[in-house]
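**Student:** Here's my sequence, what's the structure:
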Amino acid sequence: MNADPPRTSSTAADGAGTPSVSANDDTPWSALRHPVFRLLWLASGAYFIANAMHLTAVAWLTVERTSSSFLAALVQTAVFLPMFVLSLPAGVLADTTDRRRLMLLALSVQALAVAVLVGLLLTGWAGSTSLLLLTFVAGCCTALITPAWNSMVGEILPRDRLPQAIVTMSAAYNAARALGPMLAGLMYAALHRWVLAGHRDAADALDVQGSPEQALAQVMAGELRAGAWAGSAVLALSIAGVIALAWTIHRNPPRPHPARRLPAERLWSGTLAGMRYAWHSHTVFSQLVRTGAYGAAGSALWALLPAIGAQRLGSGASGYGLMMGCLGGGAVVMSLLIGRLRSGLGLERLVVAGVLTFSLAMVVSALSPVAWPVYWALAASGAAWMAVMSTFNTATQTSAPPWVRSRAAALHVLSALGSFALGSALWGAVAGLTSLTVALLAATVAMLAGLLLAKPFPLRMGSDLEVTPAPLEHLLVANEPNPEAGPVAVELIYRVRPDAVEAFTADVTRLKAPRQRDGALFWRLYRDLEDRQRFVERFIVQSWVDYLHQRSRQTLADRGLEASLRAHLSEGSAIETRHYLAER
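**Tutor:** This is a model prediction of the structure:
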């Protein structure tokens, strides 16, 4: 939901390494010692609860008014579709605009949408269309603030405390996912009974006589009125959570972006820049692939949970609620332990442990006809899900520099939600064509197969040098073109010592990914046929302003790579840079 966090000494952590978290301060709750983070954590928890209450109330109202399972399912779509569609554009806005203004505007629109829905319910004008439409608007607002909120959370604490911050926020989210529906259910049921009792008392006092049809219509009108008043009360209370987060952001705004000497990126070009960065950054791309694979396989358990309760355990709504509680409870317990587990195991071994635990839970859920082993397995799977997903999220955010960090967080959300949605549909179809047991066992095999991705797509946290922007060097060009002019070709000419050619070509090839990651559309290294010591590095960018953006995105690690090339040059020679603008 980032300005650059204070820099502290930290080292990249691979699967076997030890992340840079102090052994004395590795519990997630140590992050709550920071007063601003603690306030944002409380406000975010209130917001999470508010969204869960909103979703629950609208789902019940839709079922009561339409008796349609399809429309009830569309409530979930109205909430999560905006997250899938708007995550990356919202990340661009968070990276390029005033995040405080963006979040406050979105939260204001969300509060207004919920208030309008309350008014429509109280006046009797709310139908299924208005319920879904205004819930969709609220979902769009949540999608718009999420990348800016994520980056804001990441900048409050030092960079090596980001894992604790993410786990603490994840614990609040998981607790709210259980607490919100429970509060909404209790409040809805109590108010529904109270309003319905008042309606019956009023009808009895009037001693209305009529046909059975009129009596039935009166009962139905009472039910609708009771549902409208109960639902509007729950929704009105949910506005308080939205206001709490808005007030906190207003009082403790995120740091403004550093002053820019270049024009801000446009929405479409910024979206492409974020996707290009993820594609050419092997660290970020690896984490997105691993997130997608784990989410797609693990979605089977979440999607088939109602069927597990009904078909294997014979439980009703109360049993389903208990199963969801086990998942959420396991996640909350893991939030207390994950810091020490991550320090002791490292990233890769922690992910392997999570995958094995979740796989075992799916096997138990597929085969056990007894309830209590399934409940224990679900608690373990909730803990595993929290451990693995928070680790992927942490690794993604710590591997992206400030200019693209919100977009990296948005791509993580997109990878998780997209794979989850597609996986849910796939495993549901498999269960329908075969059986529940076959679907869960197939998902288990898929999840275990995902462990094979560890070698080609290793998991690690980026080092400080990889995410710290390098000082921008002044560019001397006699006739600087229009910013939108292009394409632009850039050549860097090197005269290399004969004994250093092999080392030079190896080092300069390592620049290909950073060049393309930061904006180059094409990169190639050439050797002069007439002068074998002369090499030309050539890359092309879309426009002059894109080239200026590319230069501003260099990190200290990139600058170090360029400096290493100078050691291979012939004595007395220097790197010569030339710029070309396309004429035809």
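**Student:** For this structure, which segments count as strands?
**Tutor:** With DSSP state E as the definition, the chain shows strands at residue ranges 488-495, 522-527, 534-541, 576-581.
**Student:** so who does residue 30 touch?
**Tutor:** Residue 30 sits next to 161, 164, 339 when contact means CB atoms under 8 Å, 6 or more residues apart in numbering. In this view, the C-beta of every residue, glycine as well, is placed from N, C-alpha and C.
**Student:** at 7 Å what do you get?
**Tutor:** Residue 30 is in contact with residue 164, counting by CB atoms under 7 Å, 6 or more residues apart in numbering.
**Student:** can you tell me how far it sits from residue 271?
**Tutor:** Distance check for residue 30 against residue 271: by CB to CB, to the nearest Å, it reads 36 Å.
**Student:** count of neighbours near residue 153?
**Tutor:** Counted by other CB atoms under 10 Å, the residues lying close to residue 153 total 24.
**Student:** what's the distance between residue 539 and residue 512?
**Tutor:** Separation of residue 539 from residue 512 (CB to CB) stands at 8 Å.
**Student:** list residues touching both of these two?
**Tutor:** Overlap of the contact sets of residue 539 and residue 512 (by CB under 7 Å, 6+ apart) consists of residue 523.
**Student:** Show me which of the two is the more surrounded one.
**Tutor:** Neighbour tally, residue 539 and residue 512, criterion other CB under 10 Å: the higher count belongs to residue 539, 22 against 16.
**Student:** ok, now which ones touch that one?
**Tutor:** Residues near residue 539 by CB under 7 Å, 6+ apart: 490, 515, 520, 522, 523.
**Student:** switch the cut-off to 10 Å
**Tutor:** Going by CB atoms under 10 Å, 6 or more residues apart in numbering, residue 539 touches 488-492, 511-512, 515-516, 519-525, 547, 550.
**Student:** Among those, name the buried ones.
**Tutor:** 488-490, 492, 511-512, 515-516, 519-520, 523, 525, 547, 550 (16 or more other CB atoms under 10 Å).
**Student:** between the residues you listed, which is closest to residue 102?
**Tutor:** Residue 102 has its nearest neighbour among these in residue 519, at 24.1 Å by CB to CB.
**Student:** Please look at that closest one and residue 553 and confirm they touch.
**Tutor:** Yes. Here residue 519 reaches residue 553: they are 7.1 Å apart, a contact under CB atoms under 10 Å.
**Student:** who touches both of those two?
**Tutor:** Common contact partners of residue 519 and residue 553 (CB under 10 Å, 6+ apart): 273, 277.
**Student:** number of nearby residues for residue 484?
**Tutor:** By other CB under 10 Å, the residues close to residue 484 number 11.
**Student:** okay if I get the strands of the chain as TSV plus mean pLDDT?
**Tutor:** Below are those laid out as TSV (pLDDT from 0 to 100):
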stretch	mean pLDDT
strand 488-495	95
strand 522-527	96
strand 534-541	96
strand 576-581	92
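**Student:** Distance to residue 143 added to these, as TSV?
**Tutor:** Converted to TSV, the strands of the chain look like this (distance: least, CB to CB, whole Å):
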stretch	distance to residue 143
strand 488-495	35
strand 522-527	34
strand 534-541	31
strand 576-581	39
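**Student:** Tell me which of the ones you listed approaches residue 330 most closely.
**Tutor:** Shortest distance between residue 330 and the strands of the chain, using CB to CB, is found for strand 522-527: 46.6 Å.
**Student:** Would you mind listing the outside residues contacting that closest one?
**Tutor:** In this structure, residues lying in contact with strand 522-527 by CB under 10 Å, 6+ apart are 280, 487, 489-494, 496, 501, 504-505, 508-509, 511-516, 533-541.
**Student:** Now do the domain split for this structure, please.
**Tutor:** For the chain, automatic domain parsing gives the domain ranges 14-256, 263-468, 488-581.
**Student:** Distance to residue 477 added to those, as a markdown table?
**Tutor:** Listed next are the domains of the chain as a markdown table, based on distance: least, CB to CB, whole Å:
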| stretch | distance to residue 477 |
| --- | --- |
| domain 14-256 | 25 |
| domain 263-468 | 17 |
| domain 488-581 | 6 |
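**Student:** Residue 478: which of the ones you listed is closest?
**Tutor:** The closest of the domains of the chain to residue 478 is domain 488-581. By CB to CB, the value is 10.1 Å.
**Student:** I'd like to know which of the strands of the chain lies nearest to residue 284.
**Tutor:** Of all the strands of the chain, strand 522-527 comes closest under CB to CB, at 18.6 Å.
**Student:** Okay, angle between the closest one and strand 534-541 too, please.
**Tutor:** Between strand 522-527 and strand 534-541, the angle comes out at 170 degrees (axes from the mean of the first three to the mean of the last three CA atoms, to 10 degrees).
**Student:** List the buried residues for stretch 93-105?
**Tutor:** The neighbour-count check on stretch 93-105 (16+ other CB under 10 Å) flags 93, 94, 95, 96, 97, 98, 99, 100, 102, 103, 104 as buried.
**Student:** Now do that stretch: distance to the chain's middle.
**Tutor:** The chain centre lies 17 Å from the centre of stretch 93-105; the measure is CA atoms, centre = their mean, to the nearest Å.
**Student:** cool, stretch 230-248 as well?
**Tutor:** On CA atoms, centre = their mean, the centre of stretch 230-248 falls 23 Å from the chain's centre.
**Student:** repeat for stretch 46-54
**Tutor:** Averaging C-alpha positions (CA atoms, centre = their mean) puts stretch 46-54 17 Å from its chain's average.
**Student:** Dump that stretch to PDB, keeping only the CA atoms.
**Tutor:** Extracted C-alpha coordinates of stretch 46-54, given in PDB (Å, rounded to 0.1, in the frame of the first residue of the first chain):
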ATOM      1  CA  ALA A  46      -9.600  -1.800  10.800                       C
ATOM      2  CA  TYR A  47      -9.700  -1.400   7.100                       C
ATOM      3  CA  PHE A  48      -9.200  -5.100   6.500                       C
ATOM      4  CA  ILE A  49     -12.100  -5.800   8.900                       C
ATOM      5  CA  ALA A  50     -14.200  -3.200   7.200                       C
ATOM      6  CA  ASN A  51     -13.700  -4.800   3.800                       C
ATOM      7  CA  ALA A  52     -14.500  -8.200   5.100                       C
ATOM      8  CA  MET A  53     -17.700  -6.900   6.800                       C
ATOM      9  CA  HIS A  54     -18.700  -5.200   3.500                       C
END
